[in-house]
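Participant: Prediction below, plus the sequence it came from.
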Amino acid sequence: LNTPHPGSRVIRSGEAELLREVDKKIIQEHTLNADHAELISRIGIHSHIAVPMKIRGRIIGAISFLNTSLRPEFDESD
């Protein structure tokens, strides 16, 4: 849970997070090391949403939605 990954952050904060546009700088800020950054870059993520999963007000995990297609980036309406 103590990683820079958006899923970890939303579990800690309880708030959803939108990374509208994932670029090289964002990847470096949200990964653990150079190998992790390279893997995420190769996946080709264009935008990302992480949402805490709550039951009765208690956070039990997070779910992440990744956009790797030519679809427009995620935005607040997503």
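Facilitator: Looks like it arrived, so ask away. Everything numeric in this text was worked out from a predicted model, so none of it was measured. Numbers count the residues shown, from 1 in each chain.

Participant: quick one, longest helix in the chain?
Facilitator: helix 34-43 (DSSP state H).

Participant: got a list of contacts for that one?
Facilitator: With contact meaning Cβ atoms under 8 Å, 6 or more residues apart in numbering, helix 34-43 is reached by 24, 27, 28, 30, 31, 66, 68. The way it works is simple: take the backbone N, C-alpha and C, and place the C-beta from them, glycine included.

Participant: Of these, which belong to strands?
Facilitator: Applying DSSP state E to the contacts of helix 34-43, the entries found in strands are residue 66.

Participant: what's the farthest-apart pair in the contacts of helix 34-43?
Facilitator: 28 and 68 (18.5 Å; Cβ to Cβ).

Participant: out of the two, which sits in the busier spot?
Facilitator: residue 28 (15 against 12; other Cβ atoms under 10 Å).

Participant: In this structure residue 64 contacts residue 6, no?
Facilitator: Yes: with contacts counted by Cβ atoms under 8 Å, residue 64 reaches residue 6, the gap being 6.7 Å.

Participant: Residues in contact with both of these two, list them for me.
Facilitator: The contact sets of residue 64 and residue 6 overlap at 48, 50 (Cβ under 8 Å, 6+ apart).

Participant: Same drill for these two, tell me which one is more crowded.
Facilitator: Set residue 64 next to residue 6 and count neighbours by other Cβ under 10 Å: residue 6 wins out with 21 against 15.
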